[in-house]
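S.K.: Structure for the following, please:
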Amino acid sequence: MVAKPKKKSRPVGDPAAFAQAAECLKILAHPVRLRMVQLLLQGRYTVGELAEDCSVPDNVASEHLRLMQRCGFFNSEREGRRVYYQVAEPHLANIMECIESRFLQKK
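M.R.: Numbers count the residues shown, from 1 in each chain. Okay, here's the model as predicted:
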């Protein structure tokens with residue numbers, strides 16, 4: 001008797017969820033934003049600190065942060081006159097690990 005091949009299970013896939021994921025991945029797809037993610041995975045930073053490290057003006061850094069905050073990647077916390085940003089989405093660490101292992105390995 002010949003065994004029937006098992007039917008492959010199909011992964012769950014909601015088109016709306018894929019659309020949301022694609023939008024957020026588009027937001028990440030910028031070198032300054034990727035660097036900000038890398039930095040913020042190590043701790044919290046102010047806009048000025050991130051701007052300085054990324055060699056962009058503060059207003060440009062603020063815009064990048066606003067876009068990523070809108071996707072839920074970061075949140076902010078005010079302490080006196082300073083606003084600190086930190087990672088709100090823990091899965092960013094997995095994404096950054098893939099990027100670092102593929103593109104930032106020492107040769």
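S.K.: gap between stretch 11-22 and the chain center?
M.R.: The chain centroid and the centroid of stretch 11-22 are separated by 17 Å under Cα atoms, centre = their mean, to the nearest Å.
S.K.: With just CA atoms, put that stretch into CSV.
M.R.: What follows is stretch 11-22, C-alpha atoms only, in CSV (Å, rounded to 0.1, in the frame of the first residue of the first chain):
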residue,chain,number,x,y,z
PRO,A,11,1.1,29.5,7.0
VAL,A,12,-1.4,32.0,8.2
GLY,A,13,-1.3,35.2,6.2
ASP,A,14,-3.6,38.2,6.5
PRO,A,15,-3.2,40.7,3.6
ALA,A,16,-3.9,43.6,5.9
ALA,A,17,-1.2,42.4,8.3
PHE,A,18,1.3,42.0,5.5
ALA,A,19,0.4,45.6,4.3
GLN,A,20,1.1,47.0,7.7
ALA,A,21,4.4,45.0,8.0
ALA,A,22,5.5,46.3,4.6
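S.K.: any idea of the pLDDT on the residue positioned nearest the centre of the chain?
M.R.: Among the residues of the chain, the one closest to the centroid is L92, at 4.8 Å (Cα atoms, centre = their mean). L92 carries a pLDDT score of 97 in this model.
S.K.: quick one, what contacts it?
M.R.: Applying Cβ atoms under 8 Å, 6 or more residues apart in numbering, we find L92 in contact with 37, 41, 73. (Each C-beta comes from the backbone N, C-alpha and C, glycine too.)
S.K.: From those residues, which land in strands?
M.R.: Among these, no residue falls in strands (DSSP state E).
S.K.: Mind putting these into CSV with neighbour count, distance to A51 and pLDDT?
M.R.: Converted to CSV, those look like this (neighbours: other Cβ atoms under 10 Å; distance: Cβ to Cβ, whole Å; pLDDT from 0 to 100):
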residue, neighbour count, distance to A51, pLDDT
V37, 20, 15, 98
L41, 15, 18, 98
F73, 23, 17, 97
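S.K.: Please tabulate those in CSV, including the columns distance to F103.
M.R.: Formatted as CSV, the contacts of L92 follow (distance: Cβ to Cβ, whole Å):
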residue, distance to F103
V37, 13
L41, 16
F73, 19
